[in-house]
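Engineer: Need a 3D model of the sequence below.
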Amino acid sequence: MMGNESSQLSGLEIEEKAIEVTDFWCHYQATINDSCRYFSLKGDGSVSVFKGEAAVGPLWSISTPLEKFSNNLLKYRHPCIVRYISAWQQRSTLHLATEYVQPLSHILPSLTPLQICIGLNNILRALVFIHEQAGMSHNNVSVSAIYVTGDGQWKLGGLQYLCPFSELTAAYLRHARIHRYDKAVDPNEDSYEITTKVDQYAFAVLVDDVFKECKDDEVPHLKEFKKYCRDCLQHQNPAKRPNLSELLQHNFFNHEFISIYKFLNFLPLKSEEERCQFFTNILDNLKCYDEETVAKQLGGLLLSRLTMLDQTARKDVIPFILKPKNDRITNGEVPGFFSLSVFKEHIKPRLMQLFGVRDSQIRMLLLRHFSKFVHVFSHEELSQHILPELLLGIKDTDDNLVSATLICLSELVPILGADTVIGGKRSKFFTDGRPNSKPKSLLPGASPLTENSIYLTKSLRDLPCSEEIYESDERNELISFDKTLTLNERPSPVGGESLHDEIISTELHTKQRADSEDDWSDWDNRQLTTKPDSPIFEEENKNGKLVNIETVDEKNSSNTNVNSKNVSESRTTLLQKAAMQAKKNIVDISELDIKNQKFDYSKKGSDEFDFFADMAPVIEKPAVVNIAQNSET
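Structural biologist: Coordinates of the predicted model:
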């Protein structure tokens, strides 16, 4: 259960259950809903909130422990110190908001020796910064003063006892001892004249505590480093205790894994030749380590902005990091470095953060490899986080960025659907215009079907379609389409005819082809004749009247067809005779030209054939019938 707090941070929601309770404050987890400035590894705006009350003691007469902690976090900024966000007073309770952190004591049992080694390196760097750059003494180095961020980085906290070396006296340490870690306090601390070496003694105790459950051979040089801490950092004479900066030169903090970590942290300080050589061999060097440790400790550094902008890293590192490992690798395919489970747990959250970065080079790099890792996101992550960022990219002025973004949007269509990616109402504008012809495999002598030709041999009814196909007994029946869509009339593209047009055009083509064949056959007879099987066919009956076959009932249709056939045959015989006679009289082919023909209209031979004799109308006088006489008869 969560509740709203009126604070300087708008949209802050704090959990009611504390994850840690100390003598000075309670540690809560919280989220900021309407802000993107402070977000955790998961990008959900997670932060940590410390609530502190007033404490009793000589050190807290001016300010409370949480106030000192808050003021020191605000004043001393370092990558290895807990990051300050905001602080405010609500009634008598002080609130301090920091980056999302967890107490080290909660997750220490789950850490590997290499992770502990890197964590100690961070704490040592923070202490060196406080000692040498700030001129302050921490006075509270212990497990309780260390926090871990969401990406596994150790951060130094517990700055409520921080004071300058000039003010670090035996009396000050005596007042602070009541709440300090007893094991980290030197038993002879009150008798020492030199009081500036208390952090060295406490750091040696910290090393012993964090490696309590680890074997000495699990980390290079661990055994000799423990001995060095006991002999030197806890020396009975504080003057012989070395400065903490000297510990950074020990072999324990300079083996291969730590060296890679340090190089990535200090990448801006390296030369171009050093970066080129480093990124060329880094993946080969990391293969011998546990991939989960590599992903958790180095994943953020491998996908940092400086790394992704390096030319050598873009070619030799990033393509392997952004692709999950696949057991089946085809020829020429880039193998992935992390397994799918490790990729989802440690790399995917960072990718979601990177999609929120407004850098064209980083966005282009993500778009170029988008198809390799798009399948690791859930539908909710794609629709709620990735898709809005991609839709923002298509509005950019960079044509290359827009083009690459559109390609990535096409990758999302099969996953999320076009309705989610494109939005708005969609309609079916295109249909499959392929002819429904007989498959080549059924023809004699055809080659066997191949895998690529199987799809082409399927009929339209076998193919998936978003519209239903209705069975019809009549071929002229039209398929009704959605009438809600109204478009301006325009010519249909080639191959884009609808199923209705295809059916009608097929019938017309068949009919015209039959008519054309009959017409050409009649031209061979030198005269166009009327088809007896035409749907609308008029012919003379025995009485010389015109008869329409369509108007004849079924009872007389058979007799009419027989009479029509006899009349047609007799007419064809007369036409053939006339054509043969005309052929004999032709001496030169030029006589056929109408310009050269001479016709004497005065002479009209008796043997001349009148082609239009049968076309003379027959007019009969109406028969007058006396109705009265008929009735009497």
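
Engineer: how about low-confidence regions in the protein?
Structural biologist: Residue ranges of the chain with pLDDT under 70: 1-8, 34-44, 327-334, 437-571, 579, 582-614, 616-618, 620-633.

Engineer: care to break it down by domain?
Structural biologist: Using automatic domain parsing, the domains assigned to the chain come out as 2-118+129-192, 256-376, 430-485+495-509.

Engineer: Next one: Phe69 relative to Leu156, how far apart?
Structural biologist: Using C-beta to C-beta, to the nearest Å, Phe69 is found at 12 Å from Leu156. To be clear about C-beta, it is placed using only N, CA and C from the backbone, and glycine gets the same treatment.

Engineer: Between these two, tell me which one has more neighbours.
Structural biologist: Phe69 (27 against 24; other C-beta atoms under 10 Å).

Engineer: Which of the three states applies to the closest residue to that one other than its chain neighbours?
Structural biologist: Nearest non-adjacent residue to Phe69, counting by C-beta to C-beta, 6 or more residues apart in numbering: Gln160, 4.5 Å away. Secondary structure for Gln160, judged by DSSP: H, G, I helix; E, B strand; the rest coil, is helix.

Engineer: Could you check how many residues crowd around Gln160?
Structural biologist: Gln160: 26 neighbours (other C-beta under 10 Å).

Engineer: now it: how far from Phe266?
Structural biologist: 30 Å.

Engineer: now Phe203
Structural biologist: Phe203 sits 22 Å away from Phe266 when distances are taken as C-beta to C-beta.

Engineer: Those two: which has the busier surroundings?
Structural biologist: Each of Phe203 and Phe266 has its neighbours counted (other C-beta under 10 Å); Phe203 has more, 23 against 9.

Engineer: What strand or helix carries the more buried one?
Structural biologist: Using DSSP states H and E, Phe203 maps to helix 198-210.

Engineer: Send over the helix or strand that comes right after that helix as PDB, restricted to the C-alpha atoms.
Structural biologist: Using DSSP H and E, the next helix or strand after helix 198-210 towards the C-terminus is helix 222-228. C-alpha atoms of helix 222-228 as PDB (Å, rounded to 0.1, in the frame of the first residue of the first chain):
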ATOM      1  CA  LEU A 222      42.500 -12.400  -2.100                       C
ATOM      2  CA  LYS A 223      44.500 -14.300   0.500                       C
ATOM      3  CA  GLU A 224      47.500 -11.900   0.400                       C
ATOM      4  CA  PHE A 225      45.200  -8.900   0.500                       C
ATOM      5  CA  LYS A 226      43.500 -10.100   3.700                       C
ATOM      6  CA  LYS A 227      46.900 -10.500   5.300                       C
ATOM      7  CA  TYR A 228      48.000  -7.000   4.100                       C
END
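
Engineer: For this protein, which segments count as strands?
Structural biologist: 2-4, 12-15, 20-21, 25-32, 46-52, 84-90, 93-99, 101-103, 136-137, 146-149, 154-156, 163-164, 538-540, 546-548 (DSSP state E).

Engineer: what's the closest of these to Phe257?
Structural biologist: The closest approach between Phe257 and any of the strands of the chain, judged by C-beta to C-beta, belongs to strand 154-156 at 15.3 Å.

Engineer: From the contact counts, what lies against that closest one?
Structural biologist: In terms of contacts (3 or more C-beta pairs under 8 Å, 6 or more residues apart in numbering; DSSP states H and E), strand 154-156 is packed against helix 113-128, strand 146-149.

Engineer: which residues touch that strand?
Structural biologist: With C-beta atoms under 8 Å, 6 or more residues apart in numbering as the contact definition, strand 154-156 has outside contacts at 78, 80-83, 99, 101, 104, 118-120, 122-123, 126-127, 138, 145-149.

Engineer: related to what we said a few turns ago, state the distance from the residue nearest to Phe69 to Asn326.
Structural biologist: To Asn326, Gln160 is 51 Å away according to C-beta to C-beta.

Engineer: Check Phe337 too.
Structural biologist: In this view, Phe337 and Asn326 are 11 Å apart by C-beta to C-beta.

Engineer: And the domains of the chain: which comes nearest Pro242?
Structural biologist: Among these, the nearest to Pro242 by C-beta to C-beta is domain 2-118+129-192 (11.9 Å).

Engineer: Was I right to think Cys232 contacts Pro242?
Structural biologist: Yes. Counting by C-beta atoms under 8 Å, Cys232 touches Pro242, with 5.7 Å between them.

Engineer: what's the closest non-adjacent residue to Leu267?
Structural biologist: Excluding its sequence neighbours, the residue lying closest to Leu267 (C-beta to C-beta, 6+ apart) is Leu306, at 4.8 Å.

Engineer: how many other residues sit next to Leu248?
Structural biologist: When neighbours are counted by other C-beta under 10 Å, Leu248 comes out with 15.

Engineer: ok so, going back, among the domains of the chain, which is nearest Leu248?
Structural biologist: Comparing those under C-beta to C-beta, the one sitting nearest is domain 256-376, at 9.3 Å.

Engineer: Once you drop chain neighbours, what's closest to Val210?
Structural biologist: Of all residues not flanking Val210 in the chain, Ile116 sits nearest, at 5.2 Å (C-beta to C-beta, 6+ apart).

Engineer: and that neighbour, what is it in contact with?
Structural biologist: Leu108, Val210, Phe211, Cys214, Val219.

Engineer: Disregarding residues adjacent in the polypeptide, which is nearest to Cys26?
Structural biologist: Ala18 (4.2 Å).

Engineer: Do I have it right that that neighbour meets His27?
Structural biologist: Yes. Between Ala18 and His27 there is a contact at 5.9 Å, judged by C-beta under 8 Å.

Engineer: With neighbour numbers in mind, choose between these two.
Structural biologist: The neighbour count for Ala18 versus His27, taken as other C-beta under 10 Å, is higher for His27 (20 against 16).

Engineer: Can you tell me the closest non-neighbouring residue to the more buried one?
Structural biologist: Glu20 (3.8 Å).

Engineer: Please report the distance of the residue nearest to Cys26 from Ala97.
Structural biologist: 15 Å.

Engineer: just Leu301 next, same as before
Structural biologist: Using C-beta to C-beta, one obtains 26 Å as the distance from Leu301 to Ala97.

Engineer: Can you pick out the residue with more neighbours from those two?
Structural biologist: Remark: of Leu301 and Ala97, Ala97 carries more neighbours, 24 against 17, as counted by other C-beta under 10 Å.

Engineer: Dig out what that one forms beta bridges with.
Structural biologist: Taking DSSP bridges, one obtains Val49, Ser86 as the residues bridged to Ala97.

Engineer: Do I have it right that it meets Ser86?
Structural biologist: Yes. With contacts counted by C-beta under 8 Å, Ala97 reaches Ser86, the gap being 4.6 Å.

Engineer: The stretch 151-300 of the chain: helices as residue ranges?
Structural biologist: Taking DSSP state H, counting those that start in this stretch as the criterion, the stretch 151-300 of the chain carries its helices at 170-176, 198-210, 222-228, 244-247, 256-265, 272-286, 291-302.

Engineer: The second one - contacts with which helices or strands?
Structural biologist: Applying 3+ C-beta pairs under 8 Å, 6+ apart, one finds that helix 198-210 contacts helix 113-128, helix 222-228, helix 244-247.

Engineer: can you give me the angle it makes with helix 113-128?
Structural biologist: Inter-element angle recorded for helix 198-210 and helix 113-128: 170 degrees (by axes from the mean of the first three to the mean of the last three C-alpha atoms, to 10 degrees).

Engineer: quick one: contacts of helix 198-210?
Structural biologist: Residues from elsewhere that reach helix 198-210 (C-beta under 8 Å, 6+ apart): 108, 116, 119-120, 123-124, 127, 131, 137-143, 168, 173, 181, 183-186, 189, 225-226, 229-230, 233-234, 238, 241-242, 244, 247.

Engineer: which of the residues you listed are buried?
Structural biologist: Buried by 16 or more other C-beta atoms under 10 Å: 108, 116, 119-120, 123-124, 127, 131, 137-143, 168, 173, 181, 184-186, 189, 225-226, 229, 233-234, 238, 241, 244, 247, out of these.

Engineer: Could you find the closest non-adjacent residue to Thr280?
Structural biologist: Thr280 sits nearest to Asp316 (C-beta to C-beta, 6+ apart), 5.6 Å away.
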